[in-house]
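Novice: What follows is a predicted structure for the sequence shown.
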Amino acid sequence: MDEQFLYMIHVKNIHTGNLYIKLGYTSDILRRMEELAKRNTHYEYSNIQLYQHSKKILGYIHDEQKIHSTHKKNRAYIKRDSMPEGYTECYDSYYKNDLVKHFRYLGYLCVYDEYYESTKEQPMFEWE
């Protein structure tokens with residue numbers, strides 16, 4: 001069985017510069033990123049965060065649906081013709097903290113943060 005993740009990713013409209021947060025479920029993050037980039041040509045994706053539950057192995061998709069139904073009122077107004085895939089899973093970027101709090105409330109921990117990994121300082125030299 002593949003590892004499962006809930007993911008949160010920054011989405012930017014390349015024409016307007018508007019920023020959104022997309023969240024979803026996947027067991028193959030590389031394939032999912034490729035699908036999003038290919039099908040949603042008006043958007044750029046960056047700073048992915050992967051979340052895993054501390055005890056749960058299955059049922060991630062149900063938790064994703066719970067989060068979407070709880071935060072339904074905060075969804076970004078994106079039309080299907082500009083983002084054919086995943087337009088109902090996006091939120092305005094200023095709701096990110098609320099979404100992270102909900103992840104934590106459900107028992108999910110961030111296991112990978114692309115922004116943190118890319119800004120991590122590398123030592124100038126290492127002692128041997």
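Specialist: Everything's here; your move. Numbering: from 1, shown residues only.

Novice: mind listing the helices in this structure by residue range?
Specialist: 29-39, 60-70, 96-105, 114-119 (DSSP state H).

Novice: can you give me how far the lengthiest strand in the chain is from the chain middle?
Specialist: As assigned by DSSP state E, the longest strand anywhere in the chain is strand 43-53. Centroid separation between strand 43-53 and its chain, computed with Cα atoms, centre = their mean, to the nearest Å, is 4 Å.

Novice: That one: which residues count as buried?
Specialist: Within strand 43-53, the residues scored as buried using 16 or more other Cβ atoms under 10 Å are 43, 48-53. C-betas here are computed from N, CA, C, even on glycine.

Novice: same check, this time on stretch 52-66
Specialist: 52-53, 60, 63-64.

Novice: ditto for stretch 18-31
Specialist: In terms of neighbour count (16+ other Cβ under 10 Å), stretch 18-31 has its buried residues at 20-26, 29.

Novice: What of stretch 106-117?
Specialist: 106, 108, 113.

Novice: same question, stretch 65-82
Specialist: Neighbour-count burial for stretch 65-82 [16+ other Cβ under 10 Å]: 67, 75-76, 78.

Novice: Who are the contact partners of M33?
Specialist: Residues near M33 by Cβ atoms under 8 Å, 6 or more residues apart in numbering: 9, 45, 48.

Novice: at 10 Å instead, please
Specialist: 7, 9, 26, 45, 48 (Cβ atoms under 10 Å, 6 or more residues apart in numbering).

Novice: could the buried residues of stretch 52-66 be laid out in a markdown table, adding distance to R39 and pLDDT?
Specialist: Listed next are the buried residues of stretch 52-66 as a markdown table, based on distance: Cβ to Cβ, whole Å; pLDDT from 0 to 100:
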| residue | distance to R39 | pLDDT |
| --- | --- | --- |
| Q52 | 26 | 93 |
| H53 | 28 | 91 |
| Y60 | 22 | 90 |
| D63 | 24 | 93 |
| E64 | 19 | 92 |
